[in-house]
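Engineer: When you get a sec, could you give me coordinates for this:
(one chain, ligands or ions: 1)
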Amino acid sequence: EEKPVPGGNDVLVKFDEGIAWVHLNRPDKRNAMSVGLAREMNAVLDALEIDDRCKVIVLTGSGDAFSAGMDLKDFFRATDAISDVERHRAYRETRAWQWRTLMYYAKPTIAMVNGWCFGGAFTPLICCDLAIADEAAVFGLSEINWGIIPGGVVSKAISTLMGDREALYYVMTGEKFDGRRAKELGLVNEAVPADRLRERTRELALILAEKNPTVLRQARMAYKYAREMNWELAAEYLTAKGDQTTFVDVEKGRAQGMTQFLDEKTFKPGHGHYNR
Ligand code: ACO
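Structural biologist: Numbers count the residues shown, from 1 in each chain. Purely as a prediction, here's the structure:
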């Protein structure tokens, strides 16, 4: 019997082959992100983290958009009219899913950019581990075009992947760019033709789904935290994180890998993962 998953309204989840395809689902509004969508995404991400049908998340959009950014009507105009405390609570829902949860999520995440990607949409895009775009998808830091700064946490997020010259160029001009350019800028791993997008994303997701999930989680966390540290602290932290990984890994991957390579000579780590 299928366990129900939250969402179904502003967010749609489809399971297949261990992949949870999570769709931002307001296609009539180009998947602009409202406060309601944020609440639903928080519930969905919380549920998928412990749902066995999901080994990998693909975040994408319904219809012809990934997401047209924050919903100007629901997220800005409507929250301008409420108290500062209420507004802060609404913003907190968005911060929670767009970066805090996604950045340190227990399962690997791939953003599949299928179309329009503007402003606030850069945050979840960047906070997914990996990203693949339709080469014709259209991106833009359009904030300047309607009189705001790339806020929320967009300015910070782009600075982690883009060089300063490129980031400031797009912040200041609001010029659009396509998926191929997004690849050059380091915002996505690959840009592929529209008719290859889903299949290429599926291929990559299935590679991740085959790995030892504990070690994969630890490796992602280790990279993301070590990035913020100096060399001395990173060396100390990574050694400890390595020991913790061995301790929490129910599959005992490290021992299996060593035995299969050194004793049984049944696999070579340089060519692929050990026999699970
Ligand atoms: N906020 C609220 N509503 C939106 C948003 C948005 N970000 N984006 C699109 N919509 C709505 C439109 O108002 C329209 O609603 P309606 O049918 O009730 O009139 C509907 O979605 C369809 O949008 P169109 O503009 O008709 O679609 P089109 O395909 O012609 O254009 C495009 C798509 C280019 C994405 C355009 O909608 C657009 O420029 N959207 C805003 C992009 C943007 O700058 N986002 C904000 C970035 S800043 C930030 O996120 C903080």
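Engineer: which parts of the stretch 51-200 of the chain sit against the ligand?
Structural biologist: For the stretch 51-200 of the chain, the contact set with the ligand under Cβ under 6 Å from any ligand atom comprises 68-73, 116, 118-120, 142-143. Placement of C-beta: from N, CA and C, glycine included.
Engineer: Recalculate using a threshold of 8 Å.
Structural biologist: 64-65, 68-76, 116, 118-121, 138, 140-143, 145-146, 148, 150-152, 154 (Cβ under 8 Å from any ligand atom).
Engineer: Can you tell me which of those residues end up in helices?
Structural biologist: Counted as lying in helices by DSSP state H, out of these, are residue 154.
Engineer: Quick check: ChimeraX command selecting the buried ones in the residues of the stretch 51-200 of the chain next to the ligand.
Structural biologist: Command for ChimeraX that selects the buried part of those, burial taken from 16 or more other Cβ atoms under 10 Å:
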select :65,68,69,70,71,74,75,116,118,119,120,121,138,140,141,142,143,150,152,154
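Engineer: so is residue 274 in a helix, a strand, or just coil?
Structural biologist: State at residue 274, reduced to three classes by DSSP: H, G, I helix; E, B strand; the rest coil: coil.
Engineer: Pull the number of nearby residues for it.
Structural biologist: 19 (other Cβ atoms under 10 Å).
Engineer: Tell me which stretches of the protein form strands.
Structural biologist: Using DSSP state E, the strands of the chain run over 11-16, 19-24, 56-61, 65-67, 109-113, 116-118, 130-134, 138-140, 177-178, 190-192.
Engineer: Give me whichever of those is most buried.
Structural biologist: Most buried of the strands of the chain, by mean neighbour count (mean count of other Cβ atoms under 10 Å): strand 65-67, with a mean of 28.
Engineer: burial of the closest residue to residue 101 other than its chain neighbours, as a residue count?
Structural biologist: Once flanking residues are discounted, residue 101 sits nearest to residue 45: 5.1 Å by Cβ to Cβ, 6 or more residues apart in numbering. Number of residues near residue 45 (other Cβ under 10 Å) recorded here: 24.
Engineer: give the contact list for residue 45.
Structural biologist: If you count contacts by Cβ atoms under 8 Å, 6 or more residues apart in numbering, residue 45 has them with 57, 97, 101-102, 105.
Engineer: Which ones among these lie within helices?
Structural biologist: Among these, the ones falling in helices (DSSP H) are residue 102.
Engineer: Including distance to residue 25, could the contacts of residue 45 go into CSV?
Structural biologist: Output for those, formatted as CSV (distance: Cβ to Cβ, whole Å):
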residue, distance to residue 25
57, 15
97, 14
101, 18
102, 17
105, 20
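Engineer: low-scoring stretches of the stretch 101-250 of the chain, by residue?
Structural biologist: Applying pLDDT under 70 to the stretch 101-250 of the chain picks out no residues at all.
Engineer: In it, what residue comes closest to the ligand?
Structural biologist: For the stretch 101-250 of the chain and the ligand, the shortest gap (Cβ to the nearest ligand atom) falls at residue 119, measuring 2.3 Å.
Engineer: which non-adjacent residue is nearest that residue?
Structural biologist: Leaving out its chain neighbours, the residue that sits closest to residue 119 by Cβ to Cβ, 6+ apart is residue 69, at 3.3 Å.
Engineer: The one you found: what's it in contact with?
Structural biologist: Residues in contact with residue 69 (Cβ under 8 Å, 6+ apart) are 32-33, 118-121, 142.
Engineer: With residue 134 instead?
Structural biologist: By Cβ under 8 Å, 6+ apart, residue 134 lies in contact with 113-115, 179, 191-194, 197.
Engineer: one more time with 6 Å
Structural biologist: Going by Cβ atoms under 6 Å, 6 or more residues apart in numbering, residue 134 touches 114, 179, 194, 197.
Engineer: most surrounded residue in these?
Structural biologist: residue 179 (28 neighbours).
Engineer: who's in contact with that one?
Structural biologist: Counting by Cβ under 6 Å, 6+ apart, residue 179 makes contact with 133-135, 137, 191.
Engineer: so can I have JSON lines of those showing distance to residue 210?
Structural biologist: Shown next, in JSON lines, are the contacts of residue 179 (distance: Cβ to Cβ, whole Å):
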{"residue": "133", "distance to residue 210": "24"}
{"residue": "134", "distance to residue 210": "25"}
{"residue": "135", "distance to residue 210": "27"}
{"residue": "137", "distance to residue 210": "28"}
{"residue": "191", "distance to residue 210": "25"}
